[in-house]
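Novice: Sequence plus the predicted model coming up.
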Amino acid sequence: MGLYDQGSQLVVRAELPGVSEGDVQLTVDHGVLSLKGTRKTALPEGYSVHRQERADYQFARSFSLPCKVDVEKTTASMKNGLLTVTLPKAAEEQPRQITVAVK
């Protein structure tokens, strides 16, 4: 998992192989992003397990965010087991360009 600052937004990327988007829960509370989820393995009907290397499990991670974010504009997507959470920075946290006046 990684937390990246891209200027106007923060991006969190997490590799979650075998986890479906419905099994992931994201929350932002008091400057902390929490990621919880479960991975479930399903066996085809009529089969029994002789060897299993990937078991069911639950996971939880929390990140303290380095600045305020706009929770209403936060988005999350999952593709090929990679979860990407985009957290736009709050207006007061956005980088600003300051012009210098020549006198």
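Specialist: Structure received. If you're wondering where the values come from, they're calculated on a predicted model, not measured in any experiment.
Novice: which residues does the residue nearest the centre of the chain form a beta bridge with?
Specialist: Closest residue to the average C-alpha location of the chain: V85 at 4.1 Å, with C-alpha atoms, centre = their mean. With DSSP bridges applied, V85 shows beta-bridge pairing to V12, A76.
Novice: wait, it sits on L26?
Specialist: Yes. Between V85 and L26 there is a contact under C-beta atoms under 8 Å: 6.4 Å. For glycine as for every other residue, the C-beta is placed from the backbone atoms N, C-alpha and C.
Novice: which sections of the protein are below the confidence cut-off?
Specialist: 93-95 (pLDDT under 70).
Novice: which residues of it fall in strands?
Specialist: Assigned by DSSP state E, the chain shows strands spanning 2-5, 9-15, 24-29, 32-39, 57-64, 75-79, 82-88.
Novice: Adjacent strands (with direction) for the third one?
Specialist: If you go by DSSP bridges, strand 24-29 pairs up with strand 32-39 (antiparallel).
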